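Engineer: This is the structure alone, sequence omitted:
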């Protein structure tokens, strides 16, 4: 089967999406969850650029993908800062133990 | 063929980033996935986004992850998963099928639109730029308040201690005490300001 580049990109989007969702569902370390979120953001970026390329509006796809890159990076950086604070205050990054902590 | 190879490498790097038990290895796999993604974006013609993804995804995020891993430590405590394996696989496959039904195959025709090459990318995006500025500002403030400690948090929330009050100026018409006035230098003496005579000079 010979996939076109655009459909191949969408296969990549689906694969990245599946890997990210698997990581979010299975992993319980806070940094692993951040990594899974980053992979999810990459899937969104690839989807936007692939859609823009398919519609002959690549510049529009790039501009929206740029917004996604900025938002994803900020979210990841704030999540890492939160992880540092959580580690300092509670001594663990395991979300299972964090969810059972009492204030 | 090469496109399929690039996609396969991208998926392998992303899978290894999630599967790795060591956090440092996982962050390096994530950086590799970002680099391969930027290569794929460049092949698709999105040169600007490819460069930005390479610098931000493979550079900034990887460095930050390594930095945080250095602070928090490498222990992942891998053990029992959050969800049972059948449930998690069912959710992953179900969401995958739902997404695939929405985006595959692509529609046949689109409304043709031919903007100038740089117009859409760098112009006509005033609201988008404003949102990004707000987002970056909020992110920086959030990080400062999280990592800066109590003093920085107090400053950001406006509860910082007031500066020490400066000396009140003398009332008009009342000459200031002589001791309080330093003799000015020859090239800095302002007009009209009385100054004490130098020692040894009789007035």
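Structural biologist: Great, that's in hand. Worth saying up front: this structure is predicted, and the values here are computed from it rather than measured.
Engineer: Let me know whether residue B:71 touches residue A:85 as I believe.
Structural biologist: No. Residue B:71 is not in contact with residue A:85 according to CB atoms under 8 Å; the separation is 10.5 Å. To be clear about C-beta, it is placed using only N, CA and C from the backbone, and glycine gets the same treatment.
Engineer: nearest residue to residue 30 other than its sequence neighbours?
Structural biologist: With no chain named, the answer covers chain A. Distances taken as CB to CB, 6 or more residues apart in numbering or on different chains place residue A:93 nearest to residue A:30, at 4.1 Å, with adjacent residues excluded.
Engineer: was after chain B, sorry
Structural biologist: Among residues not flanking residue B:30 along the chain, residue B:17 sits closest, at 4.3 Å (CB to CB, 6+ apart).
Engineer: what does residue B:29 give?
Structural biologist: residue B:17 (3.8 Å).
Engineer: which element is the one you found on?
Structural biologist: Here residue B:17, judged by DSSP states H and E, is contained in helix B:2-19.
Engineer: Which elements pack onto that helix?
Structural biologist: Helix B:2-19 sits against helix A:5-26, helix A:30-54, helix B:23-43, with contacts defined as 3 or more CB pairs under 8 Å, 6 or more residues apart in numbering or on different chains; DSSP states H and E.
Engineer: What residues sit buried inside the helix or strand just after the second one?
Structural biologist: Meaning helix A:30-54. Using DSSP H and E, the helix or strand that follows helix A:30-54 in sequence is helix A:58-90. Residues A:58-84, A:86-87 are the ones in helix A:58-90 that count as buried (16 or more other CB atoms under 10 Å in any protein chain shown).
Engineer: any residues touching the very next helix or strand once past helix A:58-90, and which ones?
Structural biologist: For helix A:58-90, the succeeding helix or strand toward the C-terminus, using DSSP H and E, is helix A:95-98. Contact partners of helix A:95-98, identified using CB atoms under 8 Å, 6 or more residues apart in numbering or on different chains, comprise A:28-30, A:33, A:86, A:90, A:92, B:82.
Engineer: Could you pull out the buried residues of helix A:95-98?
Structural biologist: Of all the residues in helix A:95-98, those buried under the rule 16+ other CB under 10 Å are residue A:95.
Engineer: For residue 34, give me its contacts.
Structural biologist: Looking at chain A here, since you left the chain open. With contact taken as CB under 8 Å, 6+ apart, residue A:34 is in contact with A:76, A:79-80, A:83, B:65.
Engineer: wait, I meant chain B there
Structural biologist: By CB under 8 Å, 6+ apart, the contact set of residue B:34 is A:42, B:53-54, B:57-58, B:61-62.
Engineer: before we move on, the earlier item: do me a favour and average the pLDDT over the helix holding residue B:17.
Structural biologist: Averaging pLDDT along helix B:2-19 yields 90.
Engineer: any idea how far the residue lying closest to residue A:65 once chain neighbours are set aside lies from residue A:59?
Structural biologist: Nearest non-adjacent residue to residue A:65, counting by CB to CB, 6+ apart: residue A:48, 4.3 Å away. Per CB to CB, to the nearest Å, residue A:48 is found 12 Å from residue A:59.
Engineer: is stretch B:141-148 up against chain A anywhere?
Structural biologist: Yes. Remark: stretch B:141-148 sits within contact range of chain A at B:142-143, B:146-147, by CB under 8 Å from any CB of the partner chain.
Engineer: before we move on, the earlier item: specify the angle between the helix holding residue B:17 and helix A:5-26 in degrees.
Structural biologist: 10 degrees (axes from the mean of the first three to the mean of the last three CA atoms, to 10 degrees).
Engineer: From what I see, the residue nearest to residue B:29 and residue A:42 are in contact.
Structural biologist: No. Residue B:17 lies out of contact with residue A:42 (CB under 8 Å); the separation is 10.3 Å.
Engineer: Common neighbours of those two, please.
Structural biologist: Taking CB under 8 Å, 6+ apart as the criterion, residue B:17 and residue A:42 both touch residue B:33.
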